[in-house]
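1. A predicted structure for the sequence below; I have some questions about it.
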Amino acid sequence: QNYPLYIRSVPTENELKFHYTVHTSLDVVDEKISAMGKAMVDQRDLYLGLLYPTEDYKVYGYVTNSKVKFVMVVDSSNTALRDNEIRSMFRKLHNSYTDIMCNPFYNPGDRIHSRAFDNMVTSMMMQVC
């Protein structure tokens, strides 16, 4: 339904800008999903790749089998990040999200308030910086 379950940004003063960037990128995610069509059902790799670059940022996307969308915004000046590293970060994110969904106390569709998920995202962000 395209409402955020979890948003994390560093630095936090640009959070509204990132929120807008992520929300606008959902249209590109939907376009890529519809372009893939039925071929996506057969694919095991759910990584959508670079959605679009801006002057300051690169926006990457990933979608799960249950149509949950992950969007990652990375500083475009960071040339150390390769496509394989972004792909593995999305896999880690997907695995952590699966762990949250397996929690019997989590109601699907609620905002994510998990210390373990926060720690995993923080470690990924520190790895990138």
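-> Received it, and whenever you're ready, just let me know what you need.
2. number of nearby residues for Phe90?
-> Neighbour count of Phe90, defined by other CB atoms under 10 Å: 23. C-beta here means a position set from N, CA and C on the backbone, and glycine is covered the same way.
3. same question for Lys92.
-> 13.
4. isn't it right next to Met124, touching?
-> Yes. Taking CB atoms under 8 Å as the definition, Lys92 is a contact partner of Met124 at 6.6 Å.
5. the helices in this protein, which residues?
-> Secondary structure of the chain by DSSP state H: the helices cover 15-36, 39-42, 83-101, 115-128.
6. for those helices, which one sits closest to Lys67?
-> Lys67 lies closest to helix 15-36 among the helices of the chain, at 8.1 Å (CB to CB).
7. circling back to that earlier point, make a markdown table out of the helices of the chain and add distance to Tyr6 and mean pLDDT.
-> Listed next are those as a markdown table, based on distance: least, CB to CB, whole Å; pLDDT from 0 to 100:
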| stretch | distance to Tyr6 | mean pLDDT |
| --- | --- | --- |
| helix 15-36 | 11 | 87 |
| helix 39-42 | 23 | 54 |
| helix 83-101 | 9 | 92 |
| helix 115-128 | 7 | 89 |
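8. what would these look like in TSV with distance to Asn65?
-> Listed next are the helices of the chain as TSV, based on distance: least, CB to CB, whole Å:
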stretch	distance to Asn65
helix 15-36	12
helix 39-42	9
helix 83-101	10
helix 115-128	19
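9. nearest to Lys58, of those helices?
-> helix 83-101 (8.9 Å).
10. now do the closest one against helix 115-128, angle only.
-> Interaxial angle, helix 83-101 versus helix 115-128 (axes from the mean of the first three to the mean of the last three CA atoms, to 10 degrees): 170 degrees.
11. tell me the helices and strands packed up against helix 83-101.
-> strand 47-53, strand 57-63, strand 69-75, helix 115-128 (3 or more CB pairs under 8 Å, 6 or more residues apart in numbering; DSSP states H and E).
12. quick one: mean pLDDT for the second one?
-> In this model, strand 57-63 has a mean pLDDT of 93.
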